[in-house]
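**Student:** here are the coordinates; sequence isn't available:
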Ligand SMILES: CC(C)(COP(=O)(O)OP(=O)(O)OC[C@H]1O[C@@H](n2cnc3c(N)ncnc32)[C@H](O)[C@@H]1O)[C@@H](O)C(=O)NCCC(=O)NCCS
Ligand SMILES: Nc1ncnc2c1ncn2[C@@H]1O[C@H](COP(=O)(O)OP(=O)(O)OP(=O)(O)O)[C@@H](O)[C@H]1O
């Protein structure tokens, strides 16, 4: 039986810090790099650097667990990550990083403007996200181009956020990345939590949230790998279909299953 099966419910009792994922940090490593450290370094979802002490011996290695949180567009990742935040678990939000890397004047902004032209700019020079979204969500080639241009900036931005949390001493963090599998970031995270909703609910919530037509909503959904496939790759699935937003936020009555 998987150790995750103990996490039958998220409802207030699942504490990632209590999970057996943070197994044995090699605090007492005497040699560098110790076989144990090297073995653990390859373990997905664990991130650690050695810390050098004054006597120049590698004494302490601090491990941090990186939990992957993903799902489909509007499946409820942000809603779930807010639950983690409210429990004091830090969250790295890839959407926020992706916004940062295309701020006016940044390297990402220059690449996007060079590729898509000035027409996607607002009067203040910032990227018109709705306009760019319309272009890339209805054209797979342009979407791939945008992904290719921004991937290095987003990856670095995420990495930097992770390093900052590690420096602050976080033991467990959540990496909220909508394209976790597509960007192959799943290899760095464990366990992987997929927030799932049934297709009808997903379309309805997306239409309501973004104030878009059914066709536009379906375009956005089809721009991503099928949610049902992601579900098969998850260590844990949160079914966010039939819970009211209110209870999701306040009672945390979210069903989880493996
Ligand atoms: C296309 C853009 C301008 C639309 O901006 P907008 O503010 O309308 O949407 P936002 O950024 O909040 O994204 C909303 C959701 O769309 C989905 N999404 C975003 N980009 C993509 C993409 N390239 N492919 C598939 N789905 C995507 C994600 O589920 C995301 O959570 C923007 O999403 C973007 O720059 N995307 C490329 C960067 C990227 O890959 N972001 C995802 C982070 S992993
Ligand atoms: N359990 C729920 N019940 C009702 N509505 C919900 C529930 N969970 C989320 N929603 C609503 O669905 C919409 C999408 O949720 P959310 O923004 O959390 O999704 P997301 O996966 O983070 O989306 P994106 O991929 O675009 O970042 C929001 O309007 C949110 O308020």
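**Tutor:** Right, received. Where do you want to start? What you are looking at is a predicted structure, and each value in this text was computed from that prediction instead of being measured. Ligands and ions are numbered 1, 2, ... in the order given.
**Student:** what about the strands in the stretch 151-258 of the chain?
**Tutor:** Per DSSP state E, counting those that start in this stretch, the stretch 151-258 of the chain carries strands over the ranges 172-176, 192-196, 236-239, 255-257.
**Student:** and the gap between residue 185 and residue 218?
**Tutor:** Distance from residue 185 to residue 218, counting by Cβ to Cβ, to the nearest Å: 25 Å. Placement of C-beta: from N, CA and C, glycine included.
**Student:** who's more crowded, those two?
**Tutor:** residue 185 (21 against 17; other Cβ atoms under 10 Å).
**Student:** if we compare the strands of the stretch 151-258 of the chain, which one ends up closest to ligand 2?
**Tutor:** strand 192-196 (6.2 Å; Cβ to the nearest ligand atom).
**Student:** between the longest helix along the chain and strand 172-176, how many degrees?
**Tutor:** Using DSSP state H to define each element, the chain has its longest helix at helix 140-167. If you take axes from the mean of the first three to the mean of the last three Cα atoms, to 10 degrees, helix 140-167 sits at 170 degrees to strand 172-176.
**Student:** still on that earlier bit, closest to residue 84 out of the strands of the stretch 151-258 of the chain?
**Tutor:** Within the strands of the stretch 151-258 of the chain, the stretch nearest residue 84 is strand 172-176; the backing value is 5.0 Å (Cβ to Cβ).
**Student:** Return the list of helices and strands in contact with that closest one.
**Tutor:** strand 64-71, helix 77-86, strand 91-93, helix 94-100, helix 140-167 (3 or more Cβ pairs under 8 Å, 6 or more residues apart in numbering; DSSP states H and E).
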